[in-house]
Structures are given as C-alpha cells and as structure tokens.
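K.L.:
coords please:
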Amino acid sequence: MNATAKQIARQRIQILFQQAEAVNKANPELAQRYISTARKIAMAARIRLPQSYKREICQNCNALL
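P.N.:
Model (predicted):
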C-alpha cells in the first residue's frame, strides 16, 4: 500500500476508536464491532495500532477496558 492509503487507514482507525469510546456505555456490542473493524483495517493496511489503543482493548474479545 502506498503512503496515502496508510494515512487514510490511520484516520479511519482513529475515528472508529473515538466512536467506540462514545458509544461504549450505551451499547458495548457496537463498541466491540467498531474495535474489530478498526483492527481489520489495520491488518489490511499492514499498520500497527498505536500503543495507547492497544492498552484500551481486550485482545480476545475486542472490548474496551
């Protein structure tokens, strides 16, 4: 992937994490879905999730901690 595609992927991951944090209390299942989607985008774009995001989620169930 080129640099532009990776930059777009980083922006989408950031948006998904923000949405997951906003909706976590009201609908935790939706927050898990946002997190799993963000992780899939990171894998497809071959970029690492930022360490701050990794510390906020469960590796097994994608739930926000």
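K.L.:
drop to CA atoms for contacts and neighbour counts, all remaining ones
P.N.:
Noted.
K.L.:
Skipping adjacent residues, who's closest to the residue nearest the centre of the chain in space?
P.N.:
By Cα atoms, centre = their mean, the chain has its centre lying nearest to residue 38, at 3.2 Å. In this structure, residue 38 finds its nearest non-sequential neighbour in residue 13, 4.9 Å apart by Cα to Cα, 6 or more residues apart in numbering.
K.L.:
host element of the one you found?
P.N.:
Here residue 13, judged by DSSP states H and E, is contained in helix 3-23.
K.L.:
From residue 55, how far off is residue 31?
P.N.:
Residue 31 sits 15 Å away from residue 55, going by Cα to Cα, to the nearest Å.
K.L.:
between these two, who's got more neighbours?
P.N.:
A side-by-side neighbour count of residue 31 and residue 55, using other Cα atoms under 10 Å, places residue 31 first with 24 against 11.
K.L.:
looking at it, that one is touching residue 38, isn't it?
P.N.:
No. Using Cα atoms under 8 Å, residue 31 is not in contact with residue 38; the gap is 10.6 Å.
K.L.:
Flag the helix or strand of the chain with the lowest per-element mean pLDDT.
P.N.:
Across the helices and strands of the chain, mean pLDDT, DSSP states H and E gives its lowest value to helix 51-56, namely a mean of 91.
K.L.:
Other residues contacting it?
P.N.:
For helix 51-56, contacts defined as Cα atoms under 8 Å, 6 or more residues apart in numbering pick out 17, 64-65.
K.L.:
Just the buried residues of it, please?
P.N.:
Buried residues in helix 51-56, defined by neighbour count with 16 or more other Cα atoms under 10 Å: none.
K.L.:
Same check on stretch 27-37?
P.N.:
Across stretch 27-37, burial judged by 16+ other Cα under 10 Å covers 31-37.
K.L.:
Residue 17: how many residues sit nearby?
P.N.:
Residues near residue 17, counting by other Cα under 10 Å: 22.
K.L.:
number of nearby residues for residue 12?
P.N.:
As a burial measure, residue 12 scores 16 neighbours (other Cα under 10 Å).
K.L.:
Now do stretch 34-43: distance to the chain's middle.
P.N.:
Distance of stretch 34-43 from its chain centroid, counting by Cα atoms, centre = their mean, to the nearest Å, is 5 Å.
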